[in-house]
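> My questions concern the predicted model and sequence given below.
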Amino acid sequence: MITVVGTGTGAPVPADVLAGAALVVGGQRHLDAAALPDGAERVVLGPLAPALDSVAKYAAARLPVVVLASGDPGFFGIVRALAERFGAEALDVRPGVSSVATAFARIGLPWDDAVVVSAHGRDPRTAVNVCRAHPKVAVLTGPGAGPAELGAAVPADRVLVVASALGDPERERVERVTPAEAAARDWGTAVSVVLCLDGTRALGGVRTVAGAPGGPGRWALDEGEFTHRDSMITKFEVRALALARLGPRLGDLVWDVGAGSGSVAVECARLGAAVVAVEKTADGVERVRANAEAHGVGVDVVHGSAPEVLSALPGDPDAVFVGGGGRELPAVVTACARRARRTVVVAMAALDRVPAARAALTAAGFRCDGVLLQSSRLAPLPGDVTRLAAINPVFLLWGERAAASSEGVVQ
């Protein structure tokens, strides 16, 4: 039997668990803190494969093995690797309190509505995008993805709670800092977890399902659900297909370039993505912000003209929607394609601009497709009859990067 014990957040390892163990595996600090039985072999966790090989040798000889881990080893912990290698039936898991639960307890907040994302040994961009999109996020950190890196990338209005050495009565520290303060410090190696909070929404409401909010009940919302100017808004038929091709999801970053009313930006944010909306008019900027607030989502609105402003945007987007550009459209599409990791979708009313936009995408290595969308909506007439009212046709062009992958999905 392989006994897996969660420790490191204040709970000592029970003596009866260690008694008789032939092999004890764990981090250096866990091994140092435990009263190991005489004669037991110690394996310090570093690279996982050699440690698992040692466990396999003892398990094959039916000798008792104890694995010490931080907090709850079934929560982004070693239980997954052990179960995959030896089978769940070979494990006796004794969970401790996770670092996430401990950190939220230290600051007196519930965490059933928190999104938890691991940046340990992973590209931190997913964690950053989740922090940009959601008001309450716990980030499990690692080298190159700690408080400084998060602070340099998350919105300035967030509060970062950095919890270090949780459970250690002498070294534990829980500090509230601004992103700028976090970015300017060297935090060392004792950080357990970082909480990223929107102070105005950190408490949240009563939840039924834990974790990230479920997707919206519907999308491709009616134009009447957005403030817009003179019907200058992406119609819901076009928006429906654009969303399908953009594929916005939790952990993604989406740009809405030439945002106008921000209807596409808002819908992408409702589906869980972090969103940057680029709009050149001052009244348009305010309109996008108002629509985002009305739908309860966060959208980072940038006032400026594309393509010039795009080079200053932080982070490469997973997907880009281009809803404006005029004569600058080829240059805008080129700039977006240069940065997009997965998809670029372009909506055009002027069909003579389609060839140039397509050429810009294919030149950047995208596979292209498109469709002319023509729809007619039911419209009432006097006398209790109905006619079909045609909507202006729009050509939707999309390009998908050949090397696009599923990276960015929270696991």
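Nice, I can see it.
> Can I get the helix or strand that V320 is a member of in PDB? Just the C-alpha atoms.
Per DSSP states H and E, V320 falls inside strand 319-322. Taking C-alpha atoms only, strand 319-322 is exported to PDB below (Å, rounded to 0.1, in the frame of the first residue of the first chain):
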ATOM      1  CA  ALA A 319      -8.200  34.800 -31.300                       C
ATOM      2  CA  VAL A 320      -9.000  38.100 -32.900                       C
ATOM      3  CA  PHE A 321     -12.200  39.600 -34.300                       C
ATOM      4  CA  VAL A 322     -11.700  42.400 -36.800                       C
END
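> Show me what it is packed against.
Where contact means 3 or more C-beta pairs under 8 Å, 6 or more residues apart in numbering; DSSP states H and E, strand 319-322 is packed against helix 236-246, strand 253-257, helix 263-270, helix 329-339, strand 343-348. (C-beta placed from N, C-alpha, C; glycine too.)
> Relative to the second one, what are the paired strands and their orientations?
Okay, so that is strand 253-257. Next to strand 253-257 in the sheet, as set by DSSP bridges, lie strand 274-279 (parallel), strand 319-322 (parallel).
> would JSON lines of those strands with mean neighbour count be doable?
Formatted as JSON lines, those follow (neighbours: other C-beta atoms under 10 Å):
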{"stretch": "strand 274-279", "mean neighbour count": "29"}
{"stretch": "strand 319-322", "mean neighbour count": "28"}
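> With distance to G370 and mean pLDDT as added columns, please give those in TSV.
Below are the strands paired with strand 253-257 laid out as TSV (distance: least, C-beta to C-beta, whole Å; pLDDT from 0 to 100):
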stretch	distance to G370	mean pLDDT
strand 274-279	22	97
strand 319-322	13	98
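> so who does the nearest residue to D256 once chain neighbours are set aside touch?
Distances taken as C-beta to C-beta, 6 or more residues apart in numbering place A265 nearest to D256, at 3.8 Å, with adjacent residues excluded. Contact analysis of A265 by C-beta atoms under 8 Å, 6 or more residues apart in numbering lists 254, 256, 259, 275-277, 288, 292, 299, 321.
> From T343, how far out is A265?
From A265 across to T343, the span is 15 Å (C-beta to C-beta, to the nearest Å).
> same thing with R171?
Distance from R171 to T343, by C-beta to C-beta: 46 Å.
> And these two? Which one has more around it.
T343 (22 against 11; other C-beta atoms under 10 Å).
> What residues does the closest residue to that one other than its chain neighbours make contact with?
Counting by C-beta to C-beta, 6+ apart, T343 lies nearest to A319, which is 4.4 Å off, once chain neighbours are set aside. By C-beta under 8 Å, 6+ apart, the residues touching A319 are 246-248, 252, 254-255, 268, 273, 340-345.
> Quickly list what A319 is bridged to.
Here A319 shows beta-bridge partners V254, T343, assigned using DSSP bridges.
> With distance to L68 as added columns, please give the strands paired with strand 253-257 in JSON lines.
Converted to JSON lines, the strands paired with strand 253-257 look like this (distance: least, C-beta to C-beta, whole Å):
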{"stretch": "strand 274-279", "distance to L68": "36"}
{"stretch": "strand 319-322", "distance to L68": "42"}
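> so which of those comes closest to D222?
strand 319-322 (18.7 Å; C-beta to C-beta).
> among the helices and strands packed on strand 319-322, which is the most enclosed?
Among the helices and strands packed on strand 319-322, ranked by average contacts under mean count of other C-beta atoms under 10 Å, first place goes to strand 253-257 (a mean of 30).
> can you list contacts of that strand?
125, 129, 132, 246, 248, 262, 264-265, 268, 273-278, 306, 310, 313, 315-325, 332, 336.
> average pLDDT across it?
The pLDDT scores in strand 253-257 average 97.
> next one: stretch 195-212
Mean pLDDT, computed over stretch 195-212, is 83.
> ok, residues contacting that stretch?
For stretch 195-212, using C-beta under 8 Å, 6+ apart, the contacting residues are 103-104, 107, 109-110, 112-116, 131, 134-139, 150, 154, 157-161, 163, 250, 272, 298, 410.
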